[in-house]
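Novice: Whatever this is, show me its structure:
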Amino acid sequence: MLTTDPIADFLTRIRNAIKARKKYVDIPSSKMKEGLAEILKANKYIKDYNVIEDNKQNILRIHLQYVNGIPSITGLKKVSKPGLRIYAGKDELPKVLNGLGISIISTSKGLMTDKQARKESVGGEVICQVW
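Specialist: Residues are numbered from 1 along each chain as shown. Prediction:
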């Protein structure tokens, strides 16, 4: 299936799996999605992820995390869209819920959170926000 915005599809599949209380969700894999999953894992929004190899695109399996039945991810929002890219310089990187959530930024040094981008003093495209 061809999607015009694979990152929005990635976020929507995670959002739907959380609402359905699934233990894991399978998503078509790409390097960008693996990078997003790595950031979500490092910030303890998901338990783990692994790549299941097949003959085509590979599958990214994301194991969702719940604490006492409450999901660790309460919200996901796509910021930059194919029709309207949103860029932020190093001084105007967005904060999510006054620092309780994270913004994922695509920089020249790779994908990183808004906190890491401030520390490295780089800006870039604001991909999404997670809280």
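
Novice: contacting residues around the one residue sitting closest to the centre of the chain?
Specialist: Geometric centre of the chain, nearest residue: Leu36, 4.2 Å, by Cα atoms, centre = their mean. For Leu36, the contact set (Cβ atoms under 8 Å, 6 or more residues apart in numbering) comprises Ile7, Phe10, Ile104, Leu111, Ile127, Cys128. No exception for glycine: its C-beta is placed from N, CA and C like everyone else's.

Novice: Could you work out the end-to-end span of stretch 83-99 for me?
Specialist: Start-to-end span of stretch 83-99 (Cα to Cα, to the nearest Å) is 28 Å.

Novice: tell me the mean pLDDT over it?
Specialist: Averaged across stretch 83-99, pLDDT comes to 95.

Novice: List the buried residues for it?
Specialist: By neighbour count on 16 or more other Cβ atoms under 10 Å, the buried set for stretch 83-99 is Ala88, Leu93, Val96.
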